[in-house]
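Colleague: Sharing a model prediction with you, sequence too.
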Amino acid sequence: MPGTPYPKEQMHRIAYTKLSEQQIASKLSGMSGPASASPLSDVFVGKSIRIVTDNGPALAYTFSKNNRLSVAENSGGAAQAGYGALTLDSVAFFSHMIPGTQRGYAVVIDQETNLATAFELWFSGYEDKREVQREIYYGYVEQPGREAPKARHAPTNRVEGKGYYWKQDTGAETLEFYPSAAYSNFVELSRFGGELSFCGPSDYIKINEDFCIYTRTECEFSGTFTAYVIDLNRIEQIGVRLGFDANDALEYSVFRGKGEWLGQIAQFEKFGDETGAPVPAANPGQTPAKGARRVYRPFKTMAKMTPAQVDAVCAKHTSAFAPRAIAPGANAPAASMAGNLGPTTSWLAGKSFTLRYDHAPAMEYRFDDETLQWRKEGRDWTKARYQAFESSPGVILFGHLLEGEPSHDGHSIVADFHQGLVTCLNGYLNTPYFANEAGVKIHFGVIEMEGLVAPKYRRHELTDEMVGRAVSQNYAPGLTSMHLYSTPHSLSWIIFTNADAGGLEWSGPAAYVKIRDGLYFMYWLEEACNGTLGTILVNLHTMRDVGIGYNCGENGLNMNALGAHERLAGHFDVKRFYQVKASGGVV
Amino acid sequence: MNTDNTSTRRSFLKGGALLAAPLAAVAAPAVFAADEELKARLAKLENEAAIHSLHQSWLRRVNLGAAGAATPFADSKNVALDESVCSIAADHAGQPDTIEIAADGRSAAGRFGCAVVIETRIAQDCTLAQMALAQGGGFVRRTERRVLKVEYAKAPGTWGIVKAEFAQV
């Protein structure tokens, strides 16, 4: 069968329609209740229950059939609605919308304890009206004649560090990682072909030691909301998905799924700290609005420039390796990522050589202490500022901008003088979506230098050895992140809170090149997110990384060095999901 | 309190006892002189107590984030601490505090050993730092031992802070 598993555009490139409130109302009006590929549960049929929540509504339900209920909020009148319920061991889950509104609920009830968690869900609550909003109410199912329980389901960090493969009853397959207590990272294997991972704000709620609730909202993308209960032992899920897809079709379904445990990566909170929701919804002293949460919105906030604007800003301000300044308020480019930068090396000074790339013009070099001269073979010499770092004996990372190149190129180069091999991550601007967004080309090749004999066939190679690993990076006091190498073609970065819980997270396209055993040269692209090309040389033996950033924004074009102390944080067993197999390919 | 000089409660009691002993035996001029000395010492102690109370009150406001509000006639720009200062606590491991009252009783200077919690924001120059700020972080907090030097002035009946600044220990 012809066809590929890949969408026309990856998720961060889809121009999701800005649906109006009226359009959303129209799409919801014909909906009778959530779809389900699995048989709906009749656990509630014939029952009436009243859910009391601490800071939210009291919800009185009467379930007439396995897909019809009436609901009354507080003392309001009852509304008839379609619903879908599923059970997982003692946990029951159901979801419904309220006809005539853009609101609904997803409710989790532990039938052993009668504790309940209700998610109120609504559209048109944010400027991007398709983005589902949620408020969480903790409570219980009222038992006539019995005292209200004191316990509640509660936010937790006990899910942080876990990762699963899920296959839903709809056939949808995902890899889902929870490296943060406030965000999550997901790979759409079946819907998007599994090339890239994406991130969304998430809730993690503890039902008991064996069951938890997870949510995510695909903010900055379709706005779709997903919530499910996880049986942590059996690796099963029941949940709901609500939103509008890339074609603006309503997607409202309850689902059941089974999965595989992929591993557990490290948590960095202080021992004994099991609190959840580490990122406060509002600043200290402020009361968060209903549904409020901290959401990283990089596409909304990034500079989006035209080629003409890029040319103008580059002409006005271009800098490479500006002097470091870590002092508060310093405005040196990315100084905050250079706090733990290792020493530079002067080994290149006085030397000259040619980097002969297999599929790109050869580059000739002559080096001084802080400047180099480069030329594409046979052309004129151009002077550039550079910095160099010897990450491992004989392996030198150096970078420079290529003044005069029409796409304002910058090279981040790893040269192994013990092996005669070189890899260049060639950053460039004037990319198709936003001109200031960096693109990258990988050039493999050899070093031609007096006294050095390069191999004829061996080259550095792309590798999946890092895929699934998590490595933390402390760039400077107050700035610690963690990379999760989630797919062979993307990574995500998690920012730790001051309590060292995983907080906000985002992701971008990436690739990994093996330089030596334990030494990897990699990049990530902050596509639809500041546009930066980050390149780092990760040394797993010394647990240090050194890198070069390349960014163009309203402040100009900058190349800067960065460096971090690292810690291994574990890995997920995921490589097997990224193997190209016979099915699903182009015939 | 000034333990380097003569103004501790213990030295006051001790001095008071020594003064009390010869009262019955001395002649009238001597009694007058002793009375004046006692009054001066009492006034000094009252001033020190008032300044100490003002200092404690001001520290509480600093720690609540309201520095400057406790000084009715001070120039606030000389009193407001750097925004990076989060809290100030007494440093009991440091040198004893001192309060020196001027001879005319209208001004004073205090030196207080303290542990200062300072919070500095990291530069918002990269995606990671922007994300740290967005989640309510993006700052570095550290505690430093400093000496808080405070100048006081007395308006009729009331002490106020004229200037406050930190010095290295």
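Modeller: That came through fine.
Colleague: going forward, measure contacts between C-alpha atoms and count neighbours the same way
Modeller: Fine.
Colleague: Following the chain onward from the helix or strand of chain A with the lowest mean pLDDT, which element is next?
Modeller: Counting by mean pLDDT, DSSP states H and E, the weakest-scoring helix or strand in chain A turns out to be helix A:298-301, with a mean of 93. Downstream of helix A:298-301, the first helix or strand assigned by DSSP states H and E is helix A:307-316.
Colleague: That following helix packs against which elements?
Modeller: Here helix A:307-316 touches strand A:544-553, strand A:556-571, going by 3 or more CA pairs under 8 Å, 6 or more residues apart in numbering or on different chains; DSSP states H and E.
Colleague: what do you get if the cut-off is 6 Å, keeping everything else the same?
Modeller: Under the contact criterion of 3 or more CA pairs under 6 Å, 6 or more residues apart in numbering or on different chains; DSSP states H and E, helix A:307-316 touches strand A:556-571.
Colleague: quick one, the strand it packs on and strand A:544-553 angle?
Modeller: Interaxial angle, strand A:556-571 versus strand A:544-553 (axes from the mean of the first three to the mean of the last three CA atoms, to 10 degrees): 140 degrees.
Colleague: And strand A:556-571, what does it pack against?
Modeller: Helices and strands touching strand A:556-571, as assessed by 3+ CA pairs under 6 Å, 6+ apart, comprise helix A:307-316, strand A:318-320, strand A:469-476, strand A:544-553.
Colleague: angle of the following helix or strand past the third one against strand A:469-476?
Modeller: Scanning forward in sequence from strand A:469-476, with DSSP H and E defining helices and strands, the next element found is strand A:479-487. Relative orientation of strand A:479-487 versus strand A:469-476 (the same axes, to 10 degrees): 160 degrees.
Colleague: in the sheet, who's paired with the nearest residue to residue A:103 once chain neighbours are set aside?
Modeller: In this structure, residue A:103 finds its nearest non-sequential neighbour in residue A:122, 4.3 Å apart by CA to CA, 6 or more residues apart in numbering or on different chains. According to DSSP bridges, the partner residues bridging residue A:122 are residue A:103, residue A:133.
Colleague: cool, and residue A:69?
Modeller: According to DSSP bridges, beta-bridge pairing links residue A:69 with residue A:63, residue A:81.
Colleague: now it: how far from residue A:82?
Modeller: To residue A:82, residue A:69 is 6 Å away according to CA to CA, to the nearest Å.
Colleague: hmm, back to that, tabulate the CA atom coordinates of the least confident helix or strand of chain A in PDB.
Modeller: This file holds the C-alpha atoms of helix A:298-301, laid out as PDB (Å, rounded to 0.1, in the frame of the first residue of the first chain):
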ATOM      1  CA  PRO A 298       7.500  29.900  22.900                       C
ATOM      2  CA  PHE A 299       5.800  30.300  19.600                       C
ATOM      3  CA  LYS A 300       3.700  33.100  20.800                       C
ATOM      4  CA  THR A 301       6.600  35.000  22.300                       C
END
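Colleague: For chain B, give me its nearest residue in the stretch 451-587 of chain A.
Modeller: In the stretch 451-587 of chain A, no residue comes nearer to chain B than residue A:478, which is 5.0 Å away by CA to the nearest CA.
Colleague: Can you list phi and psi of that residue for me?
Modeller: phi 90, psi 0 (degrees, to the nearest 10).
Colleague: all helices of chain B, in order?
Modeller: B:9-20, B:28-63, B:76-79, B:127-134 (DSSP state H).
Colleague: Could you list every helix and strand in contact with the strand or helix carrying residue A:92?
Modeller: Per DSSP H and E, residue A:92 falls inside strand A:91-97. Where contact means 3+ CA pairs under 6 Å, 6+ apart, strand A:91-97 is packed against strand A:79-88, strand A:103-110.
Colleague: Need those strands in a markdown table (columns: mean neighbour count and mean pLDDT).
Modeller: Formatted as a markdown table, the helices and strands packed on strand A:91-97 follow (neighbours: other CA atoms under 10 Å in any protein chain shown; pLDDT from 0 to 100):
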| stretch | mean neighbour count | mean pLDDT |
| --- | --- | --- |
| strand A:79-88 | 22 | 98 |
| strand A:103-110 | 22 | 98 |
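Colleague: coming back round to it: settle this for me: the residue of the stretch 451-587 of chain A closest to chain B is touching residue B:140, isn't it.
Modeller: Yes - counting by CA atoms under 6 Å, residue B:140 is a contact partner of residue A:478 at 5.0 Å.
Colleague: The two - which one has more neighbours?
Modeller: Neighbours were counted for residue A:478 and for residue B:140 using other CA atoms under 10 Å in any protein chain shown; residue A:478 has more, 21 against 17.
Colleague: what's the more buried one in contact with, if anything?
Modeller: B:139, B:140 (CA atoms under 6 Å, 6 or more residues apart in numbering or on different chains).
Colleague: same thing but at 8 Å, please
Modeller: Residue A:478 is in contact with A:498, B:122, B:138, B:139, B:140, counting by CA atoms under 8 Å, 6 or more residues apart in numbering or on different chains.
Colleague: closest to residue B:44 among those residues?
Modeller: The nearest member of the contacts of residue A:478 to residue B:44, counting by CA to CA, is residue B:140 at 42.1 Å.
Colleague: Distance check, the closest one against residue A:118.
Modeller: Taking CA to CA, one finds residue B:140 at 37 Å from residue A:118.
Colleague: re the thing from before, can I get the contacts of residue A:478 in CSV with pLDDT?
Modeller: Conversion of the contacts of residue A:478 to CSV gives the following (pLDDT from 0 to 100):
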residue, pLDDT
A:498, 91
B:122, 88
B:138, 88
B:139, 88
B:140, 89
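Colleague: Just the buried ones from those residues?
Modeller: Neighbour-count burial (16 or more other CA atoms under 10 Å in any protein chain shown) applied to the contacts of residue A:478 gives A:498, B:122, B:138, B:139, B:140.
Colleague: Distance to residue A:529 for those residues - can I get that in JSON lines?
Modeller: Listed next are the buried ones among the contacts of residue A:478 as JSON lines, based on distance: CA to CA, whole Å:
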{"residue": "A:498", "distance to residue A:529": "23"}
{"residue": "B:122", "distance to residue A:529": "20"}
{"residue": "B:138", "distance to residue A:529": "19"}
{"residue": "B:139", "distance to residue A:529": "22"}
{"residue": "B:140", "distance to residue A:529": "25"}
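Colleague: Widest-spaced pair of the residues you listed?
Modeller: Top of the distance list for the buried ones among the contacts of residue A:478 (CA to CA): A:498 and B:122, 12.7 Å.
Colleague: hey, what's in contact with both of residue A:478 and residue B:140?
Modeller: With CA under 8 Å, 6+ apart as the test, residue A:478 and residue B:140 both reach residue B:122.
Colleague: what residue of chain B is the furthest out?
Modeller: Most distant from the centre of chain B: residue B:127, at 42.7 Å, with distances by CA atoms, centre = their mean.
Colleague: Please give me every residue in contact with that residue.
Modeller: Contacts of residue B:127 (CA under 8 Å, 6+ apart): residue A:530.
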